[in-house]
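Participant: Make a model of this:
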Amino acid sequence: MRFIFSRLMKERLSRIACLLLICVIPGVCEADVGNLGGVIDMVVVIIKYLTDWALISLAFYFILWCCKVSSNKRMVFTILFGISPIFLSDPAIKLYGEPGTHVIVQTEKPVVLAGTTFPAGSRADYIHLGGGFWRRKLVEVTSTRPVRFGPWDITELRLDPPVENIAYVNLVRPEVIDGWACDETPSFELTSGLPRLHGCKIVAPRKIGDLNWFAGTFVQREQNNDWSLDLFAYDIPNGSKDPAQAFGFPIDRMSATYSASYELRTWTGSAISADLPIGDYIFSRVGDTKLTWQAPGRIVVAGYGKERKTGAAVACVLVQLADGQTRPCEKRSESDQERTP
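Facilitator: Next up, the predicted model:
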């Protein structure tokens, strides 16, 4: 009787132990592995991975023991279970780091991104590369203290893979960069020398030739070192009630490209949503009225227009900027000439 009782108690205790091991496994597997950066951290993570899997294999062995599987079978099944990640690499990769997923940690030591050193305690964002949860890359760091990025003070730096030669930063204050009064969120090209401006929104108006570019204009450097500028009227901060003007036309948007020496290469704009009178013509607010600059000094106006006197439809008008003379882009058809208001 005592033998039967002790055997039953032994089986119950073994089953309780198995349940406790199974309950502990998720906490072991999800434990924080700290800041991954460098060979030592990678070795630590690999050792932790092997330790975790050894504990899981040991739990699997006890489960088989609780199920009264023979010792030989227990050993064979446990060995097969232990080496199963080799044959189940894809599920293991997904379990220990899905490619493209992000992991955010607070750094325990300084980290370097794009040549900029951030202090311990910074917020670091890693992206998984696949092939193991220890294979991940630093793509963004945020610090509570300013750090130096070239000649500027920043608190955040972000790369945007796969275009890793462009860095997006948060400046401590607006700065004049490459001649542009930029806001606090410019982007930079990472070249062999100092970082150079890639793009930003300007915080002060600037006049280039005959065009006034308001604060809120977005500036970007092109591959051939030209500058491209874009302005939306609703981006103008604290704008007046008067509409933005370009070449004497009220506009709600305009875009232009300039050479490195600020010579105008191209310009396009769109008129505000109101009837636009141009000399002997008027363009309707129905649809968009497009304006295009052409050298040596004229504007092409395209949209839904008509002559004021005859009411004849016209889709395109040329405007000479020097004297304001206008004429249709193409000769009207006879049917259009016969139309009356």
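
Participant: so where is the stretch 1-150 of the chain shaky, pLDDT-wise?
Facilitator: Along the stretch 1-150 of the chain, segments meeting pLDDT under 70 span 1-97, 130-133.

Participant: low-confidence ranges in the stretch 201-341 of the chain?
Facilitator: Those would be 237-243, 273, 287, 330-341, if you go by pLDDT under 70 across the stretch 201-341 of the chain.

Participant: Would you map the strands across it?
Facilitator: Applying DSSP state E, counting those that start in this stretch to the stretch 201-341 of the chain gives strands spanning 206-208, 211-213, 218-221, 227-232, 244-246, 249-258, 264-271, 276-278, 281-283, 290-294, 298-307, 313-320, 326-328.

Participant: Make TSV from the ones you listed and add distance to Val139 to it.
Facilitator: Using the backbone N, CA and C atoms, a C-beta is placed for each residue, glycine as well. Shown next, in TSV, are the strands of the stretch 201-341 of the chain (distance: least, Cβ to Cβ, whole Å):
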stretch	distance to Val139
strand 206-208	33
strand 211-213	33
strand 218-221	22
strand 227-232	26
strand 244-246	38
strand 249-258	31
strand 264-271	35
strand 276-278	47
strand 281-283	48
strand 290-294	40
strand 298-307	44
strand 313-320	48
strand 326-328	54
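
Participant: Minimum distance to Thr185: which of those strands has it?
Facilitator: Closest to Thr185 of the strands of the stretch 201-341 of the chain, according to Cβ to Cβ: strand 218-221, at 11.0 Å.

Participant: which one of the strands of the stretch 201-341 of the chain lies closest to Glu156?
Facilitator: strand 218-221 (19.6 Å).

Participant: tell me what that closest one is packed against?
Facilitator: Helices and strands touching strand 218-221, by 3 or more Cβ pairs under 8 Å, 6 or more residues apart in numbering; DSSP states H and E, are strand 196-201, strand 227-232.

Participant: remind me, longest strand of the protein?
Facilitator: strand 136-149 (DSSP state E).

Participant: That one: partners in the sheet, and parallel or antiparallel?
Facilitator: Under the criterion DSSP bridges, strand 136-149 sits next to strand 123-128 (antiparallel), strand 152-160 (antiparallel) in its sheet.

Participant: Following the chain onward from the longest one, which element is next?
Facilitator: So the one you mean is strand 152-160. Moving toward the C-terminus from strand 152-160, the next helix or strand (DSSP states H and E) is strand 163-171.

Participant: quick one on the thing from earlier: could the strands paired with strand 136-149 go into a markdown table alongside mean neighbour count and distance to Ala215?
Facilitator: Below are these laid out as a markdown table (neighbours: other Cβ atoms under 10 Å; distance: least, Cβ to Cβ, whole Å):
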| stretch | mean neighbour count | distance to Ala215 |
| --- | --- | --- |
| strand 123-128 | 19 | 31 |
| strand 152-160 | 19 | 20 |
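
Participant: Determine which of those strands approaches Gly311 most closely.
Facilitator: Of all the strands paired with strand 136-149, strand 152-160 comes closest under Cβ to Cβ, at 53.3 Å.
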